[in-house]
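**Q** What shape does this take:
(2 chains)
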Number of protein chains: 2
Amino acid sequence: MSSTAVRPSRPQSSSNKQQGKNGATPKRAQQVYDFADYQKALRTAGSADALRGLLGGKGANLAEMNSLGLPIPNGFVITTEACKAYLASKGKFPPGMWEEVTAALKKLEKATGKKLGDPKQPLLVSCRSGAKFSMPGMMDTVLNIGMTDEVAASLAEKTGDERFAFDSYRRLVQMYGRVVLGVPDEAFDVPLQKARAARRVDNDAELPAEDLRMLTAQFKDVVKQHTKKPFPSDPMEQLRLAIEAVFDSWNGKRAFDYRKAAGIPHDLGTAVNIVTMVFGNMGERSATGVATTRDVTTGAPEIEGDFLINAQGEDVVNGTRTPLRIAEMAIWAPKLWKEFQRYCVLLEKHYRDVQDVEFTVEDGKLWMLQTRNAKRTAQAAIRIAVDLARQKRITKEEAVLRVSPEHVDYFLHPQFDAAARAEAAKAGGALLAKGLNVSPGAAIGQVAFDADLAEEWAKKEGKQVILVRLETKPDDVHGMLAAQGVVTSRGGRTSHAALVARQFGKPAVVGALSLEVDVEARRMSGQGGVVVHEGEWVSIDGTTGEVFLGKLPTVVPDVADEHLLQLLSWADAARDLGVWANSDYGRDAERARRFGAEGIGLCRTEHMFFEADRLPIVQAMILAKDEDERAEHLQKLLPLQRSDFAELFRAMDGLPVTIRLIDPPLHEFLPDHDRLMRETTELLTRLELHAGDESAMTTSLREHQKMLAKVDDLREQNPMLGLRGVRLGIHMPDLVRMQVRAIFEAACDQAASGVVVHPKIMIPLTTTAEELNVERGILEKEAKAVMKEQGCKVKYQFGTMIEIPRAALVADRLAEHAEFFSFGTNDLTQTTFGISRDDAETGFLTEYLQKGILADNPFATIDQDGVGQLMRWAIEKARTTRADIDTGICGEHGGDPRTIAFCDRIGLDYVSCSPFRIPIARLAAAQAALLRKAKADKVVTPAKALPKKAAAKK
Amino acid sequence: MSSTAVRPSRPQSSSNKQQGKNGATPKRAQQVYDFADYQKALRTAGSADALRGLLGGKGANLAEMNSLGLPIPNGFVITTEACKAYLASKGKFPPGMWEEVTAALKKLEKATGKKLGDPKQPLLVSCRSGAKFSMPGMMDTVLNIGMTDEVAASLAEKTGDERFAFDSYRRLVQMYGRVVLGVPDEAFDVPLQKARAARRVDNDAELPAEDLRMLTAQFKDVVKQHTKKPFPSDPMEQLRLAIEAVFDSWNGKRAFDYRKAAGIPHDLGTAVNIVTMVFGNMGERSATGVATTRDVTTGAPEIEGDFLINAQGEDVVNGTRTPLRIAEMAIWAPKLWKEFQRYCVLLEKHYRDVQDVEFTVEDGKLWMLQTRNAKRTAQAAIRIAVDLARQKRITKEEAVLRVSPEHVDYFLHPQFDAAARAEAAKAGGALLAKGLNVSPGAAIGQVAFDADLAEEWAKKEGKQVILVRLETKPDDVHGMLAAQGVVTSRGGRTSHAALVARQFGKPAVVGALSLEVDVEARRMSGQGGVVVHEGEWVSIDGTTGEVFLGKLPTVVPDVADEHLLQLLSWADAARDLGVWANSDYGRDAERARRFGAEGIGLCRTEHMFFEADRLPIVQAMILAKDEDERAEHLQKLLPLQRSDFAELFRAMDGLPVTIRLIDPPLHEFLPDHDRLMRETTELLTRLELHAGDESAMTTSLREHQKMLAKVDDLREQNPMLGLRGVRLGIHMPDLVRMQVRAIFEAACDQAASGVVVHPKIMIPLTTTAEELNVERGILEKEAKAVMKEQGCKVKYQFGTMIEIPRAALVADRLAEHAEFFSFGTNDLTQTTFGISRDDAETGFLTEYLQKGILADNPFATIDQDGVGQLMRWAIEKARTTRADIDTGICGEHGGDPRTIAFCDRIGLDYVSCSPFRIPIARLAAAQAALLRKAKADKVVTPAKALPKKAAAKK
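**A** Here you go, the predicted model:
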């Protein structure tokens, strides 16, 4: 019979669904989830992370809050899978999706008792994008869907706020027109501008209700003009088109570019959230506000925030009305306040961190709109982490991981009052220059253009001084120490000024190229030609590299902060790396020890040579005509060096002290070549012309020529690669012998008075095993001689710096003679890269960083592929010769968190850095160890509890 | 019965021996071998090498000659095993040894028909040490053993030469007294001096027979006085004690120290040779002589040498009588001459090399006393190797291995006549200084102290000139080219002077520190205060680093020498490495090609910038105030560079030409900073004092200040590590763009006229992959643009130098962008070692070499442990990215044989060196390949035939 003949099938959605439930056809994945379906969605997705992938961040967040029992506006979310299917089919909703949307909407209408497009109980919804990773402002949102002429009129009546109703309506038309229908923004600007002009106001918020009603009508005309179709008055059509627009916006140019820059994959798609609109401006029982679950400025455990009664969200932010403090909610609505407090605790416990929440009260009903981890100040970050751990909301290890090294740095230096700084930065006139932020902290003072004046003003007149120089040299150090801070117009991150400033915790800005410093004229000019004369006040921010005209107010954080100390003690328990200090003086070492240093990793003995009372002796020693004369001057240096070392040993009683023998080339101790040559030429010219006192000039000329000859003799084309370090020690053994004598005389003296000394003698710039062998022979002989003379026995170690590529390459051979290695990564970076840092940091290196040829400054963060590779190699090779060799790092990198993490990974024993970086290094070392072990345990989220005590790594 | 009771055994030597032969007791090893026992000894020892171990070098050699059928004096050798047993038992002959000696002596007496101590037929023997490795003069020898009063008298009568008889006798007493009995030398000197004084002669040879007879008696008294025993008149005792003395001398201090220094093991022991004395002074039928089997000066295949009739060996050497040419033997004794010629051929065939032989004719009987491989001149070495191979006595590969690179070098430069040089060196007065031998060859000329004068004299007046400077700079190059040779008092092996001189094959001596050059006064002083004025003649030897006063005669070898060409063609067949040249100019490249270069491995484009007609344009380009002005000057440079490259492409038609883009920092092209500063200061002072034409001075000052400001701006603390290479290319892309345009315009032009061009664009000083990526982007765009304009397509390669450690470390990443690598080992050594060669080679590096801290100058021979390690790493890593990457070396090391062997081992594709090193590199590369393959085949002696054609190594 014909009825049994095959005929074309027609859609039978109900039977299809039936099949899906019972039979062979695979069930179509659910494409729409109600916010209440959290558990189901989580099961489907498989994990919290996958859930964010499926529902997007916002959708997952709302569903999660809902599951916690928090009141969120009803709504549902269309999955990213639906979006992807839509995009793949070039703009068609995937089968069944729209049906799921309409079903969800029905449920929503039932739950709220409102209905889309119904003037009596109008339901308004928003249609918001929400991808897995936050892309703020990059995709589209349409608010107030469901608004029609009738609804607007009814709403005006119900709220008694006609302005609100029509402002909402005109916003829908405008937003919809732009986002969904592609009408250019400017098209809406014309009527708006006219309306403002007519009312003579600058701001849309000042337009009255009747203007907004009129504008709504005009906007609809604009839409019709541009699209040749009337603005859709069917709310369901509004909804459908809005969903399509949000889907499409995933592939919009803005979003695409953003993902490219942020490294977010392009194939994730966005979810779409359809959420009931709630209004805080529905009368005196309505309100809207923002709050953090703790004080994010101080970290105090009190809810902080603002709210406004009868207001919309944007009113809280735009400052047209003064909001109430959140605590005043207790007076306005005590029950709601209790409810809100309860939610805050709930959220903190769930998210295990301080939350930043948005809420609205609509007609006496509290709605939570959003929650996320709160941003916080350095001070708050530390207190919150410690408090959360003490409340057992997180582990101590998590607390350690919650704080960033910059947060710790904050406590170590005075800071400009944040508001004042922001203001100064905004008012461009006060900003003189921006240079390299080489030594953090704020300082104010009167400008002095030379070191002597700086010292005189500071010491004799008690002035606060900022020393400003083109660049600094060793003979500027007394002025730097006397000053509050230092500014140079030249130099890089490892210039003399930067190194010394960091060493002594002096705020400093170097390489401030836009400052034109005229030392002769005792003035400088900054951005915009502002001229500053000597004695005028400036403020410098070493944390940002800014130099301001005038005095900015400063605040001084407390390094003995109870929470900071607690956190660092937890960090100490978690870390594997030792944290040592680079210190040259006793007082410096004492401070380092207070900050937690467990040893001295680098004492630069030559820094002592630069002190004012010693430099003349050092120069005389260099100029000595024979060995006897040199010996005489060395004899004078001996007691001075001995007392330096004695101070260090006392300060570090019981801890190791690593002393590097003289490193720089000798010409660094002599006067500047160019100045000598200019003066000599002038003297010669004057003598030739008989202009002046010939006898005096002849005497002066002789002295100049003698000094110039010596300077010329010692001058090198590339001093960085010249006669220095161990080369100097081998060339002039009596000099290093004197140093070793001073070390062991001091050690014996101190040991006799009960101090426990652990000297480590360190040889710089080694490249061959034979150098080390020869030098060790010379020095150990002297050490033994001193100990015999003094009748004492001091345990010491002999080791070397690894700061030249070849040293790393032949580390197995060096380890035959060295009991410890210290990576001198400043020089190792210079030689591995073939870069002279002094020349490059204000030159091509900056250009490379700007052009992205280098991602990081290799003098700030270790270059893992190059320099780091040599370090790995060196450690591996050295251990084949001496399995228990001690290894550390003492370059500037030793205080850099990323470098510290690298050092932890390659198994160094310690990092050594300037005293002011010690607390940071303690934290960074702990974080590195915790993350390394978490990774080894295949735990990647720091939120999971971590093993409490780290297992030994070796 | 009692006779059966056990009783103490007594020695039964004969029955013991019997047991040894037939029974269970192991046979005692033979301790004395007759020279005739060669085959037996060889079987016992197991190999020729082991035989030398057992019989010592001399003993094995004599036995070997004997086995060839050559007449050697009868004798026998006591093994090194016996010596070791003697030393181990603290001075007792091992059991059986003396019995073997006496048996051997009996055999000897029988064979010679003479008898030790028999006045009628006296046998005299020598007792000589002979260890495995030659230790000339370090151990003892006693001659004329067997001499007694009676024998001496009989000998005097038989020879009719009383003087000879008693001279022999007194020598025995003296030698025996000193060596065997330990009588101090001085004890014999007293009577000798008396005798000389009495005869008023200076020389023992002038003493008459009666004096010698008297001295013999006096010497015996001396012995008796010192030893309290008479001189042994029993020849057997003489022999026994002499053997003991020779054994003991193995552990003498001299021998011990020598072995330590030469790395010879201390446990080898010495053999003792007992050899019949033969005398060439037994009348007119006796003679003695030395000869080489070919002419070791020219290599001609003719026996060369001298002999003296009726004379002792020492007479030939000491020159008291004029010897006869060996060929005259044909007249004196035609039969003997034929016999001798036959032996020479026999020896050459056997030893497969030219022999240096000693012989004696005693009463018409020819005795061969010694043979060894002959020393030879460079010229002879090459001719002999080629001739031997052509005669099939050795293989071609062996011929290649027989010649040293220095031998080849000889052909490339004029040389001082050897005799004249030796004389000049002896007469210290003529030697002005000894510096570094940086560019080989001899040159004579009149001293000029500046480049302009040198050029003027050479070009306009046709003078031969030696340019003498403190050091040279780029603006001296025209003078260097015009000069015969160059001397500088400063600078190292890779100083400007050294590099340029090597490049152009100009003999040069640099770093001649003892020369005090006073350019102002136009004179210099050398060793001993000798003053040389401008225009005086000097002779310089770039091969030895010596500078002489006056004109030394020179000889010019012929590089087109037929034998050299043959040898090099065999070398070419044997090598795996390509040999390319570092050449900057067409004429230079042509020469390189004549010398065998297979490509240009390095063209330093900046060298072209230094030429006199270009430097002003380059300076104007650097001083340009904006990009437009710079573009204008670059436009002027373009045609000049284009024609440079065109020349190169033409010269290397069909071969690759590697062009390195600009490398040095820009300040190298500007005037000297110090001079500018001095002149500026002088101008300022004069202006201040109103001394001179103020308007002219003001103009000059302005120019000076402008230039000084730019020089100061570009000046760097460590220019080696500064803004150069690819950094400069990225900083100033229009400059390298112009260079690439010039390359491709030239390539297209040449291709159009039928030249086959293979340009390789090389980027210097790369450290990161991104640098290469950026630079490649800029340059390939330009290359494509040019090719499109010209309507041509040139195949080219893009690559980089590896000259910074980081480049080697990240070679895998660099290989993503580079099709070839060229190791710039000059800079790679500087950065890997952290050594500035310019500063160090006249400074601490020399000190290190002197003190043995470094075994080799790492700028001459590659540092395999450090720099070499980076090279290995780079190649290995690069091949993971690009398996077929081309690799070469273009540093100075590329011409060093040991470095070439290293490059062969690590599998580079080619070495590139200066044109004058090309033939040397061809030979060295062949030797490296042959030895590597021989080692792979476990053949260690080059004497064995080697595989004819090398298998490809990749």
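
**Q** Up against chain B, what does the stretch 851-954 of chain A have?
**A** With the criterion set to Cβ under 8 Å from any Cβ of the partner chain, the stretch 851-954 of chain A comes near chain B through A:851, A:852, A:853, A:854, A:863, A:865, A:866, A:867, A:869, A:870. In this view, the C-beta of every residue, glycine as well, is placed from N, C-alpha and C.

**Q** let's see it at 7 Å
**A** Within the stretch 851-954 of chain A, the residues that sit near chain B (Cβ under 7 Å from any Cβ of the partner chain) are A:853, A:854, A:865, A:866, A:869, A:870.

**Q** For the stretch 601-750 of chain A, which segments count as strands?
**A** A:656-660 (DSSP state E, counting those that start in this stretch).

**Q** Could you tell me which residues of it lie near chain B?
**A** Of all the residues in the stretch 601-750 of chain A, those lying near chain B are A:674, A:677-678, A:681-682, A:685-686, A:689, A:691, A:716-723, A:727, A:731, going by Cβ under 7 Å from any Cβ.

**Q** buried subset of these?
**A** A:677-678, A:681-682, A:685-686, A:691, A:716, A:718-723, A:727, A:731 (16 or more other Cβ atoms under 10 Å in any protein chain shown).

**Q** Need the worst-confidence member of these.
**A** Ranked by pLDDT, those bottom out at residue A:691, which scores 88.

**Q** before we move on, back to that, among the residues of the stretch 851-954 of chain A next to chain B, which one has the most neighbours?
**A** residue A:870 (28 neighbours; other Cβ atoms under 10 Å in any protein chain shown).

**Q** Does that one belong to a helix, a strand or coil?
**A** What DSSP: H, G, I helix; E, B strand; the rest coil gives for residue A:870 is helix.

**Q** hang on, isn't it packed against residue A:808?
**A** Yes - the pair residue A:870 and residue A:808 qualifies as a contact (Cβ atoms under 7 Å) at a distance of 3.9 Å.

**Q** so which two of the buried ones among the residues of the stretch 601-750 of chain A next to chain B are the farthest from each other?
**A** The widest separation within those, taken as Cβ to Cβ, falls between A:691 and A:727 and amounts to 44.5 Å.

**Q** Give me the spatial nearest neighbour of whichever residue of the stretch 51-200 of chain A sits closest to chain B, chain neighbours excluded.
**A** Using Cβ to the nearest Cβ, the single residue of the stretch 51-200 of chain A nearest to chain B is residue A:133, 26.8 Å away. Excluding the flanking residues, the one nearest residue A:133 by Cβ to Cβ, 6 or more residues apart in numbering or on different chains is residue A:264, at 5.1 Å.

**Q** and the one you found, how many neighbours?
**A** Residues lying near residue A:264 (other Cβ under 10 Å) number 16.

**Q** can you put the residues of the stretch 851-954 of chain A next to chain B in a markdown table and add pLDDT?
**A** A markdown table is the format used below for those (pLDDT from 0 to 100):
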| residue | pLDDT |
| --- | --- |
| A:853 | 92 |
| A:854 | 92 |
| A:865 | 96 |
| A:866 | 97 |
| A:869 | 97 |
| A:870 | 98 |
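
**Q** For chain B, state which of these is nearest.
**A** Nearest to chain B among these: residue A:866, at 3.8 Å, using Cβ to the nearest Cβ.

**Q** and the nearest residue to the closest one once chain neighbours are set aside, how many residues sit next to it?
**A** Leaving aside its sequence neighbours, residue A:866 sits nearest to residue B:806 (Cβ to Cβ, 6+ apart; 3.8 Å). Residues lying near residue B:806 (other Cβ under 10 Å) number 28.

**Q** Next: residue A:924.
**A** 29.

**Q** So it is in contact with residue A:899, correct?
**A** No - under the criterion of Cβ under 7 Å, residue A:924 is not in contact with residue A:899, lying 8.6 Å apart.

**Q** Geometric centre of chain A: which residue is closest?
**A** By Cα atoms, centre = their mean, chain A has its centre lying nearest to residue A:406, at 6.2 Å.

**Q** Next, the contact list for it, please.
**A** residue A:378 (Cβ atoms under 7 Å, 6 or more residues apart in numbering or on different chains).

**Q** For it, what is the enclosing helix or strand?
**A** If you go by DSSP states H and E, residue A:406 is part of helix A:405-409.

**Q** Can you list the buried residues in that helix?
**A** Going by 16+ other Cβ under 10 Å, helix A:405-409 has these buried residues: A:405, A:407, A:408, A:409.

**Q** and the third one, what is it in contact with?
**A** Spelled out, that is residue A:408. A:564, A:919, A:920, A:923.

**Q** picking that back up, okay, the residue nearest to residue A:866: pLDDT?
**A** 98.

**Q** Tally up the residues packed near the residue nearest to residue A:636 when sequence neighbours are not counted, please.
**A** In space, and not counting its chain neighbours, residue A:636 is closest to residue A:617: 5.1 Å by Cβ to Cβ, 6+ apart. The local packing of residue A:617 (other Cβ under 10 Å) involves 17 other residues.

**Q** how close does residue A:617 sit to chain B?
**A** 24 Å (Cβ to the nearest Cβ, to the nearest Å).

**Q** just residue A:653 next, same as before
**A** Distance, residue A:653 to chain B, by Cβ to the nearest Cβ: 36 Å.

**Q** Excluding covalently adjacent residues, which one is nearest to that residue?
**A** Closest to residue A:653 by Cβ to Cβ, 6+ apart is residue A:755, at 4.9 Å.

**Q** pretty sure that neighbour is touching residue A:650, no?
**A** Yes - with contacts counted by Cβ under 7 Å, residue A:755 reaches residue A:650, the gap being 5.7 Å.

**Q** where in the stretch 451-600 of chain A is pLDDT low?
**A** Applying pLDDT under 70 to the stretch 451-600 of chain A picks out residues A:474, A:494, A:503.

**Q** mind listing the strands for it?
**A** Remark: strands assigned in the stretch 451-600 of chain A by DSSP E, counting those that start in this stretch are A:465-469, A:485-488, A:508-510, A:516-518, A:523-525, A:531-533, A:537-541, A:546-549, A:554-555, A:578-582, A:600-604.

**Q** now the stretch 851-954 of chain A
**A** Applying DSSP E, counting those that start in this stretch to the stretch 851-954 of chain A gives strands spanning A:886-889, A:910-913.

**Q** okay, the ones you listed, which one's buried deepest?
**A** strand A:910-913 (a mean of 29; mean count of other Cβ atoms under 10 Å in any protein chain shown).

**Q** what bridges to residue A:289?
**A** Taking DSSP bridges as the rule, residue A:289 bridges to residue A:307, residue A:359.

**Q** surely it meets residue A:304?
**A** No - look at residue A:289 against residue A:304 with Cβ under 7 Å: they stay out of range, at 11.1 Å.

**Q** In terms of packing, which of those two has more residues around it?
**A** residue A:289 (23 against 20).

**Q** so what's the more buried one up against?
**A** Counted by Cβ under 7 Å, 6+ apart, residue A:289 has contacts A:305, A:306, A:307, A:308, A:316, A:326, A:359.

**Q** doesn't residue A:371 make contact with the last one?
**A** Spelled out, that is residue A:359. No - between residue A:359 and residue A:371 there is no contact, the gap being 9.4 Å when judged by Cβ under 7 Å.

**Q** still on that earlier bit, what residues do residue A:289 and residue A:304 have in common as contacts?
**A** In contact with both residue A:289 and residue A:304: residue A:326, using Cβ under 7 Å, 6+ apart.

**Q** circling back: inside helices: which ones of the buried ones among the residues of the stretch 601-750 of chain A next to chain B?
**A** Counting by DSSP state H, these place A:677, A:678, A:681, A:682, A:685, A:686, A:727, A:731 in helices.
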